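Asks: Build me a model from this:
(one chain, ligands or ions: 2)
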Amino acid sequence: FDMFVLAFAERLFRPTFRKDDFVLGKKLGEGAFGVVCKASLANPEAAEKVKANGVMQGDVVVKKATEYGAVEIWMNERVRRACASSCADFLYGFRESKAKGKGAEEYWLIWRFEGEDTLYDLMQSKEFPYNVETKILGDVQDLPKGISRENKIIQTVMRQLLFALDGLHSTGIVHRDIKPQNVIFSEGSRTFKIIDLGAAADLRVGINYIPKEFLLDPRYAAPEQYIMSTQTPSAPSVPVATTLSPVLWQLNLPDRFDIYSLGLIFLQMAFPSLRTDSNLIQFNRQLKRCDYDLVAWRNLVEPRANAELRRGFDIMDLDDGIGWELLTSMVRYKARQRISAKAALAHPYFNREGLLGLSVMQ
Ligand code: ADP
Ligand code: MG
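Replies: Ligands and ions are numbered 1, 2, ... in the order given. Alright, predicted model coming up:
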């Protein structure tokens with residue numbers, strides 16, 4: 001109860017926005033549930049309001065969403081208070097009654113503009129992961145190009161994404177749509193941040209809204225279709241606040257759904273050939289045939305691996321295969337056998353001492 005009062009009061013005293021405050025610019029994305037544009041502030045008053053929201057002047061990102069935007073605003077407000085650094089900086093969300101036409105209303109969501117590169121965009125480049133290295137460090141490492149250097153860059157991205165995910169999960173939020181398209185690079189903080197809370201579920205207060213039309217992205221979805229077991233009462237069709245025992249979280253480990261998706265991103269970063277849609281889909285088919293056993297998949301493809309695939313395994317095998325070990329503990333059939341975000345951050349893969357870290361963990 002207190003949480004809702006505080007949230008309401010906090011929001012009440014923040015300046016409000018309306019659609020006339022923004023001049024829409026370049027389109028950044030468009031999905032089934034809305035359109036996303038870069039936007040500038042329409043007048044000095046709007047700029048003042050942005051400042052009062054705790055942000056220096058600059059462009060913003062506007063998402064015009066369908067009725068599902070209500071839940072997305074709720075999730076962004078929650079993240080803003082509980083784990084702000086995990087996601088893109090949210091400024092404000094409001095409802096607009098649409099001009100005549102289909103659909104009674106739409107929701108506008110406003111973020112600070114932090115940059116327009118998604119991890120997807122960056123991974124499409126032939127330069128990946130070196131294009132990320134310059135972004136994160138602002139400079140290049142004094143190391144020859146090669147798998148060791150690439151591994152270090154991928155390690156940094158993975159650490160940032162696990163950190164962001166741990167923030168969400170510790171808050172009680174499961175994202176459910178983790179994929180490179182839903183990760184942006186924030187130029188100011190030089191970190192990757194998660195976006196698109198449109199499919200997220202907040203299990204601690206029981207806000208868990210899955211619109212019927214919403215399908216989890218099959219390319220990144222873990223084999224379990226639902227984040228809660230079928231024994232769990234079905235999700236409410238409208239956002240409601242109920243008390244949902246944290247015990248359910250423990251039992252079902254819904255956070256491990258995101259871990260599986262992040263494991264696939266890890267895989268794509270290490271294996272260039274798996275970065276295309278068609279190859280990822282083919283990989284998923286192969287993995288399913290191997291009963292979601294990555295080791296079995298490796299045994300299947302490694303003997304006839306081309307140079308590109310070979311290179312992926314070589315990256316994963318560095319430091320006695322500590323990367324491969326982390327990957328296989330993320331991509332597992334059973335949710336409860338997958339590592340948590342917090343445990344993954346403590347995994348020796350992220351330890352510079354490598355093997356030394358292994359003995360510490362045991
Ligand atoms: P959808 O539900 O359509 O997937 P998203 O919130 O993922 O909506 O936004 C669609 C696209 O818009 C993203 O993949 C990204 O390219 C861009 N985008 C969304 N939010 C931001 C943001 N805060 N900063 C930069 N780009 C963004
Ligand atoms: Mg998206």
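
Asks: Around ligand 1, which positions in the chain sit nearby?
Replies: Contacts of the chain with ligand 1, taken as CB under 6 Å from any ligand atom, map to 28-29, 31, 33-34, 36, 61, 63, 88, 111, 114, 116, 118, 181-182, 184, 195-196, 198. C-beta coordinates here come from the backbone N, C-alpha and C atoms, glycine included.

Asks: quick one: the strands in this protein?
Replies: Using DSSP state E, the strands of the chain run over 22-31, 34-41, 60-65, 90-97, 105-112, 173-174, 183-186, 191-194, 201-202, 207-208.

Asks: Packing partners of the fifth one?
Replies: This points to strand 105-112. strand 60-65, helix 69-82, strand 90-97 (3 or more CB pairs under 8 Å, 6 or more residues apart in numbering; DSSP states H and E).

Asks: Would you mind finding the most buried of the ones you listed?
Replies: strand 60-65 (a mean of 23; mean count of other CB atoms under 10 Å).

Asks: quick one: it to chain centroid distance?
Replies: A distance of 18 Å separates the centroid of the chain from that of strand 60-65, by CA atoms, centre = their mean, to the nearest Å.

Asks: Give me the residues contacting it.
Replies: Residues outside strand 60-65 that contact it (CB atoms under 8 Å, 6 or more residues apart in numbering) are 22, 24, 28, 33-41, 50, 69, 72, 88, 91, 106-113, 198.

Asks: ok, it: who's next to it in the sheet?
Replies: Each strand paired with strand 60-65, and its direction, by DSSP bridges: strand 34-41 (antiparallel), strand 105-112 (antiparallel).

Asks: Return the residues in contact with the residue in the chain that ligand 2 sits nearest to.
Replies: The nearest approach of the chain to ligand 2 comes at residue 196, 3.7 Å away (CB to the ion). Contacts for residue 196 were tallied using CB under 8 Å, 6+ apart; they are 177, 181, 182.

Asks: Backbone dihedrals for it, please?
Replies: phi 70, psi 80 (degrees, to the nearest 10).

Asks: Give me the pLDDT value at it.
Replies: pLDDT for residue 196: 94.

Asks: Also residue 76?
Replies: For residue 76, pLDDT reads 96.

Asks: dump the residue contacts of the residue nearest to it when sequence neighbours are not counted.
Replies: Leaving aside its sequence neighbours, residue 76 sits nearest to residue 90 (CB to CB, 6 or more residues apart in numbering; 4.0 Å). Residue 90 is in contact with 76, 77, 79, 80, 109, 110, 111, counting by CB under 8 Å, 6+ apart.

Asks: Go ahead and confirm residue 197 touches residue 175.
Replies: Yes: between residue 197 and residue 175 there is a contact under CB atoms under 8 Å: 6.9 Å.

Asks: Tell me the spatial nearest neighbour of residue 15, not counting adjacent residues.
Replies: With sequence-adjacent residues excluded and distances taken as CB to CB, 6+ apart, residue 15 is closest to residue 49, at 4.0 Å.

Asks: which ones are touching that neighbour?
Replies: Residues in contact with residue 49 (CB under 8 Å, 6+ apart) are 15, 16, 17, 21.

Asks: ok, the second one touching residue 94?
Replies: Spelled out, it's residue 16. Yes: counting by CB under 8 Å, residue 16 touches residue 94, with 6.7 Å between them.

Asks: what about residue 165, how many residues close to it?
Replies: Residue 165 has 27 neighbouring residues, counting by other CB atoms under 10 Å.

Asks: Please read the previous query as pertaining to residue 145.
Replies: 11.

Asks: go on, residue 314?
Replies: As a burial measure, residue 314 scores 15 neighbours (other CB under 10 Å).

Asks: For beta bridges, what are the partners of the nearest residue to residue 35 once chain neighbours are set aside?
Replies: Of all residues not flanking residue 35 in the chain, residue 64 sits nearest, at 5.3 Å (CB to CB, 6+ apart). Beta-bridge partners for residue 64, by DSSP bridges, are residue 35, residue 108.

Asks: And for residue 174?
Replies: Going by DSSP bridges, residue 174 is paired in beta bridges with residue 201.

Asks: Let me see the contact set for it.
Replies: Counting by CB under 8 Å, 6+ apart, residue 174 touches 168, 200, 201, 203, 227, 254, 255, 257, 258.

Asks: same check, this time on residue 327
Replies: 263, 266, 267, 270, 294, 316.

Asks: any chance of the residues you listed in TSV, plus distance to ligand 2, pLDDT and neighbour count?
Replies: Shown next, in TSV, are the contacts of residue 327 (distance: CB to the ion, whole Å; pLDDT from 0 to 100; neighbours: other CB atoms under 10 Å):
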residue	distance to ligand 2	pLDDT	neighbour count
263	19	98	26
266	19	98	24
267	20	98	20
270	23	98	23
294	26	98	19
316	28	98	25
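
Asks: Out of those, which sit inside helices?
Replies: Judged by DSSP state H, these include 263, 266, 267, 270, 294, 316 as members of helices.
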